[in-house]
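Undergrad: Structural data only, the sequence is not supplied:
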């Protein structure tokens, strides 16, 4: 549980820094265009990459705090704890399956040496956040299925 809390703090820091970088890059680009009639080379592309990083890390944070949407149609039909645990197991399974395909995509991107347009950096190191976020979220769902109390404890902070 301590490891999950540490991981969520680290992920929170990464998301905050990514959002700050996005804001700084876009603000600097607007200022450069408005005051100097020239945009900053690659600022928009790097801002997009930072936004993707923040969004994917945000997925893991939402999972850890149980802040994402979930269907509630079966809550009244079956005992809640059973439905909740089953939902966490199914969510983990789906996320792990998506992670498999995300890893395939990243490995293909690496083998083709795909690059980010304009800034010309390799794309696969940026894409690796997708499988990471899926695995991190899946592991949190597995923890919640095994220990439902963890969901309550992590929700508070």
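TA: Yep, that arrived. Given the structure is predicted, the values throughout are model-derived calculations rather than measurements.
Undergrad: how about the spatially most central residue of the chain, what does it touch?
TA: Nearest to the mean C-alpha position of the chain, counting by Cα atoms, centre = their mean, stands residue 56 at 2.0 Å. By Cβ atoms under 8 Å, 6 or more residues apart in numbering, the residues touching residue 56 are 129-130, 132-133. For glycine as for every other residue, the C-beta is placed from the backbone atoms N, C-alpha and C.
Undergrad: change it to 10 Å
TA: Counting by Cβ atoms under 10 Å, 6 or more residues apart in numbering, residue 56 touches 11, 14-15, 18, 127-134, 136-137.
Undergrad: Where does it sit, in terms of helix or strand?
TA: Secondary structure from DSSP states H and E places residue 56 in helix 43-64.
Undergrad: Rounded mean pLDDT for that helix, please.
TA: Mean per-residue pLDDT for helix 43-64: 96.
Undergrad: Now do the helix or strand that contains residue 3 and helix 43-64, the angle between them.
TA: For residue 3, the host element (DSSP H and E) is helix 2-36. Interaxial angle of helix 2-36 relative to helix 43-64 (axes from the mean of the first three to the mean of the last three Cα atoms, to 10 degrees): 150 degrees.
Undergrad: buried ones in helix 2-36?
TA: Neighbour-count burial for helix 2-36 flags 4, 8, 11-12, 14-15, 18-19, 21-22, 25-26, 29 (criterion: 16 or more other Cβ atoms under 10 Å).
Undergrad: who's in contact with residue 69?
TA: With contact set as Cβ under 10 Å, 6+ apart, residue 69 has these partners: residue 62.
Undergrad: Much appreciated, bye for now.
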